[in-house]
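Peer 1: Okay, sequence plus prediction incoming.
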There are 2 protein chains.
Amino acid sequence: MKTARATRSNNARELILDAAIRVVDKDGAGHLTIDAVATEVGRSKGGVLYHFPNKRALLNGMLARMIERELTALDTAPGNTPLGRHLHSTGNLRRDDKAASLALLAAAAEDPEMLGVMRDAYQQLFLQARADCKHPAEVNTILLAAEGLRLLSVLGVLPLSETEQRAVHKHLAARAEQL
Amino acid sequence: MKTARATRSNNARELILDAAIRVVDKDGAGHLTIDAVATEVGRSKGGVLYHFPNKRALLNGMLARMIERELTALDTAPGNTPLGRHLHSTGNLRRDDKAASLALLAAAAEDPEMLGVMRDAYQQLFLQARADCKHPAEVNTILLAAEGLRLLSVLGVLPLSETEQRAVHKHLAARAEQL
DNA sequence: GTCTATATCAAGATAGAC
DNA sequence: GTCTATCTTGATATAGAC
């Protein structure tokens, strides 16, 4: 388990991962290549391959960082329940989060099996959110709506304005409070 | 606007599109190649390229058929409101639907811009569902939850059993009724 | 740690026979 | 309509210099 501070010593890795996300964002998951990442980060292909020996390692790095970031966001978010904290941390749908979620699409494109770690993360999230509550279907609904919001947004097909997105999110938070 | 019956005359096209979906399902959107589709459908690369002159055409065909199928499912589903019909048609999350949704991931991988038609389709769905209702945030929540369910399932990271999925869906339908 | 080759292979697409 | 070449490009990965 790496801390945010530890990443400073692995600066090159972080820069490469950032560049990889930008490539996916701009060109689509299918165009995530070592070449493209190298160009984006202003290095050579060999330089990138030193830090990530192959493409799978790069994808795994992207996934791992995405999960790590979401977990720390979850831990530091204000709120009394796991569900409330999760809504709060996904609520400020920062550009960061949207971009990081692209790692999911990239991994799905490369090798769906790689998403095992993501499945585990979701499993944990859903279990924790339902743990202290007697309305599992309602909790599931709230979590799924939040994920639907995120994924449609990442795919670029969400037909809601910023204002509407905030309204939905407020609505979800309010529902979560009532449990 | 093609009818389901019209597809019988384009049988080769349909078979190729089916094969393409299977390839994405098995190997991931990033491994959707003309070669792989040709092998899957039991034809040669040239044979596939006769029906779809290039890869974009194939992706567009996949997207178009997915949208067409969802629209007909929506039209023929029982229910009094667009939202109710939509929930009903997505409720029986048939293997067909899950597979067809993979077209979305494939297109996102190849060229995110291609998803414009999907954005329009979602726009229409959301607008119609909210048209006859005074609680837009609630309608949005229900739609987003249904989409979250579908997309997490397609990505293979949904941490809900079949039973739980049905429970969530029943819950959504019940909420939709109360509007 | 980072770079420049370079080997190897996969994939999109064309041309033309059948 | 379908097939078999074939061309060409792009991408992974390696080896070794700096």
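Peer 2: In hand now; what should we look at? These numbers come from a predicted model, not from an experiment.
Peer 1: residue ranges with poor pLDDT in chain A?
Peer 2: Flagging of chain A using pLDDT under 70 yields the residue ranges A:1-9, A:92-95.
Peer 1: Report the contact partners of the residue of chain A found nearest chain B.
Peer 2: Taking C-beta to the nearest C-beta as the measure, chain A has A:G148 as its residue closest to chain B, at 3.1 Å. Glycine gets a C-beta too; all of them are placed from N, C-alpha and C. For A:G148, the contacting residues are B:143-149, B:151, by C-beta atoms under 8 Å, 6 or more residues apart in numbering or on different chains.
Peer 1: which element is it on?
Peer 2: helix A:136-155 (DSSP states H and E).
Peer 1: Equivalent analysis for A:T90, please.
Peer 2: For A:T90, the element it lies in under DSSP H and E is helix A:82-91.
Peer 1: Could you name the helices and strands sitting against that helix?
Peer 2: With contacts defined as 3 or more C-beta pairs under 8 Å, 6 or more residues apart in numbering or on different chains; DSSP states H and E, helix A:82-91 has these neighbours: helix A:55-76, helix A:116-131, helix A:136-155, helix A:162-177.
Peer 1: show me the contacts for the closest residue to A:R13 other than its chain neighbours.
Peer 2: Nearest residue to A:R13, sequence neighbours excluded (C-beta to C-beta, 6 or more residues apart in numbering or on different chains): A:H51, at 5.2 Å. Neighbouring residues of A:H51 by C-beta under 8 Å, 6+ apart: A:12-13, A:16.
Peer 1: looking at the residues you listed, which has the most residues close by?
Peer 2: Counting neighbours by other C-beta atoms under 10 Å in any protein chain shown, the top entry in the contacts of A:H51 is A:I16, with 25 neighbours.
Peer 1: Correct me if wrong: that one contacts A:V41.
Peer 2: Yes - between A:I16 and A:V41 there is a contact under C-beta atoms under 8 Å: 5.4 Å.
Peer 1: between those two, what contacts are shared?
Peer 2: By C-beta under 8 Å, 6+ apart, the residues touching both A:I16 and A:V41 are A:V48.
Peer 1: Let me see the contact set for A:M118.
Peer 2: Residues in contact with A:M118 (C-beta under 8 Å, 6+ apart) are A:63, A:67, A:104, A:107, B:155, B:157.
Peer 1: how about the residues of chain A near DNA strand C?
Peer 2: Counting by C-beta under 7 Å from any atom of the strand, chain A comes close to DNA strand C at A:12, A:38, A:43-47, A:49-51.
Peer 1: and the angle from the helix holding A:T90 to helix A:162-177?
Peer 2: Taking axes from the mean of the first three to the mean of the last three C-alpha atoms, to 10 degrees, one finds helix A:82-91 and helix A:162-177 inclined to each other by 170 degrees.
Peer 1: Which strand or helix spans the residue nearest the centre of chain A?
Peer 2: Geometric centre of chain A, nearest residue: A:S101, 3.6 Å, by C-alpha atoms, centre = their mean. Taking DSSP H and E as the criterion, A:S101 maps to helix A:95-110.
Peer 1: Identify all contacting residues around that helix.
Peer 2: With C-beta under 8 Å, 6+ apart as the test, helix A:95-110 has contacts from A:20-22, A:24-25, A:29-30, A:32, A:55-56, A:59, A:62-63, A:65-66, A:69-70, A:73, A:90, A:114-115, A:118, A:150-151, A:153-155, B:28-30, B:105, B:108-109, B:155-157.
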